[in-house]
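Enquirer: Compute the structure for the input listed below.
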Amino acid sequence: DANAENADERNRTTSTEGKETFSSNAAASMPECLCFHASFYANEAVWSFGGGTDSFCSSDMWMLHLGRMMMWEKVSPRPEVKGGPTPCARHRHTATFIDGTDKVLIFGGR
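Expert: Below is the predicted model of the structure:
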């Protein structure tokens, strides 16, 4: 089926030599397609926060584990900071990992 083939193609990264280098379980769990999200690299993963469409904003944070099997994971605040403020849904913002800490600065957006 053409849809399954397209999904398989989206889940594969090909090197310049034409060999498949990474696979992903992206079909199992992955963020929805949103524009204007903010992403950053930290701790051997790519993190993505927020984003939106013309009528929707997200406050979800996702982490793409890098390695042989690339895997998306939806993440939530650490237990010790639950109950504290979490960033509101937004798009058109920036997010920067503060090296040497476990903190991310999210700034701006709508």
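Enquirer: Let me see the ranges of the helices in the chain.
Expert: Applying DSSP state H to the chain gives helices spanning 2-10.
Enquirer: quick one: contacts of stretch 100-110?
Expert: With Cβ atoms under 8 Å, 6 or more residues apart in numbering as the test, stretch 100-110 has contacts from 38, 40, 42, 47, 49-50, 57, 87, 90-98. From N, CA and C alone the C-beta is placed, and that goes for glycine too.
Enquirer: Under the pLDDT cut-off, which ranges of this structure? List them.
Expert: Across the chain, the ranges flagged by pLDDT under 70 are 1-28, 77-84.
Enquirer: that older thread, now a ChimeraX select for only the buried ones of the contacts of stretch 100-110.
Expert: Of those, the buried ones go into a single ChimeraX selection, burial set by 16 or more other Cβ atoms under 10 Å:
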select :38,40,42,47,49,50,57,87,90,91,93,95
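Enquirer: give the contact list for residue 63.
Expert: Counted by Cβ under 8 Å, 6+ apart, residue 63 has contacts 45-48, 72-73, 75.
Enquirer: Looking at the contacts of stretch 100-110, which are in strands?
Expert: Taking DSSP state E as the definition of strands, the contacts of stretch 100-110 contribute 38, 40, 42, 47, 49, 93-98.
Enquirer: What is the most widely separated pair among these?
Expert: 42 and 93 (16.8 Å; Cβ to Cβ).
Enquirer: Distance to residue 30 added to the contacts of residue 63, as TSV?
Expert: What follows is those, written out as TSV (distance: Cβ to Cβ, whole Å):
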residue	distance to residue 30
45	14
46	12
47	14
48	10
72	4
73	10
75	13
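Enquirer: nearest to residue 34, of those?
Expert: Residue 34 has its nearest neighbour among these in residue 48, at 8.7 Å by Cβ to Cβ.
Enquirer: who's the closest one bridged to?
Expert: In this structure, residue 48 bridges to residue 39, residue 62 when assessed by DSSP bridges.
Enquirer: thought it was touching residue 36?
Expert: No. If you go by Cβ atoms under 8 Å, residue 48 and residue 36 don't touch, sitting 11.2 Å apart.
Enquirer: Give me the more crowded residue out of the two.
Expert: residue 48 (19 against 15; other Cβ atoms under 10 Å).
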